[in-house]
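Q: 3D, please:
(one chain, ligands or ions: 2)
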Amino acid sequence: MTTQQITTQQMTTQQPFTFFLNQFEARIEGVEPLVRRLSSLRGQFLDQSAFDAILAQGDPMLYKVYAVDRPGVDGELSSGLTILHPGKVGDEYFMTKGHFHAVLETGEVYYCLGGRGMMVMETPEGDWHVAEMTPGAVVYVPPRWAHRSVNVSIAEDLVFFWVYPANAGHDYGAIERQGFRKLIVAQEGAPAIVDNPRWLPPAQR
Ligand code: M6P
Ligand code: ZN
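A: Ligands and ions are numbered 1, 2, ... in the order given. Reported below is the predicted structural model:
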């Protein structure tokens, strides 16, 4: 075993351990990434025919997640690295699925290492916020805020490290039903925040 390999034992016991985030190759040594493809975001992009046209040619990878998951008990922290590729569906930039935490009262910290992005957030009540992600930006997602990352660069990967309570879980339901309140689209070559016509305020759902 080299010092750069993370072992199953290290990931399940309460012994201290170190893992290596290779910033230049955008990966975590010894961790197999989870891959999300366009098909897993069906219904999330505004332009359904553009979505279908891309899928007819294949199912491109949108992002990869290297997760150092910890046991889902109080006090533990999971962390990892996400690489979100550039691209668009119609005018809308590639993005993550986005989620609330299943344990709503849990937050998350994102540290942007490379690229240019936006973090779209909202609460169950419909408050929203968009934070810029540029190298060095640390975005704090408070408890109760759903979050989705969007790559607004033309050609560069958006790369970020994240940490959240290991028992937080992911709740995709509300986002799969109607998406986020705000979408990020290209307008005259620059990212713009626009209303999502599918989104309904809580009282009308
Ligand atoms: C972040 C973290 C992960 C999450 C990943 C992908 O990197 O919050 O927990 O899995 O984003 O986002 P999603 O699960 O919404 O596809
Ligand atoms: Zn999260």
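
Q: going forward, measure contacts between C-alpha atoms and count neighbours the same way
A: Noted.

Q: show me where this protein has helices.
A: Remark: helices assigned in the chain by DSSP state H are 8-12, 48-56, 173-178.

Q: residues from the protein in reach of ligand 1?
A: Within the chain, the residues that sit near ligand 1 (Cα under 6 Å from any ligand atom) are 82, 96-99, 162.

Q: For those residues, pick the one with the most neighbours.
A: T82 (27 neighbours; other Cα atoms under 10 Å).

Q: which residues does that residue contact?
A: By Cα atoms under 8 Å, 6 or more residues apart in numbering, the contact set of T82 is 63-66, 158-161.

Q: same deal with I54?
A: Counting by Cα under 8 Å, 6+ apart, I54 touches V89.

Q: Could you shift the numbering so residue one becomes 40, and keep it that way?
A: OK, 40 is where the count begins now, so the last one is I93.

Q: What's the separation between it and K127?
A: 10 Å (Cα to Cα, to the nearest Å).

Q: Check L120 too.
A: In this view, L120 and K127 are 22 Å apart by Cα to Cα.

Q: Out of these two, name the residue with the larger neighbour count.
A: Just comparing L120 and K127: by other Cα under 10 Å the higher neighbour count belongs to L120, 26 against 21.

Q: Quick check: chain neighbours aside, which residue is closest to that one?
A: Leaving aside its chain neighbours, L120 sits nearest to F200 (4.5 Å; criterion: Cα to Cα, 6 or more residues apart in numbering).

Q: Next one: whatever residue of the chain ends up closest to ligand 1, what pLDDT does it get?
A: Among the residues of the chain, G137 lies closest to ligand 1, at 3.3 Å counting by Cα to the nearest ligand atom. Note on G137: pLDDT of 98.

Q: Could you check the pLDDT of the spatially closest residue to it that is not a sequence neighbour?
A: Setting aside the residues directly before and after it, G137 is nearest to R187 in space (Cα to Cα, 6+ apart), at 4.1 Å. pLDDT, R187: 98.

Q: List the beta-bridge partners for R187.
A: Note on R187: beta-bridge partners V159, judged by DSSP bridges.

Q: No more questions from me, cheers.
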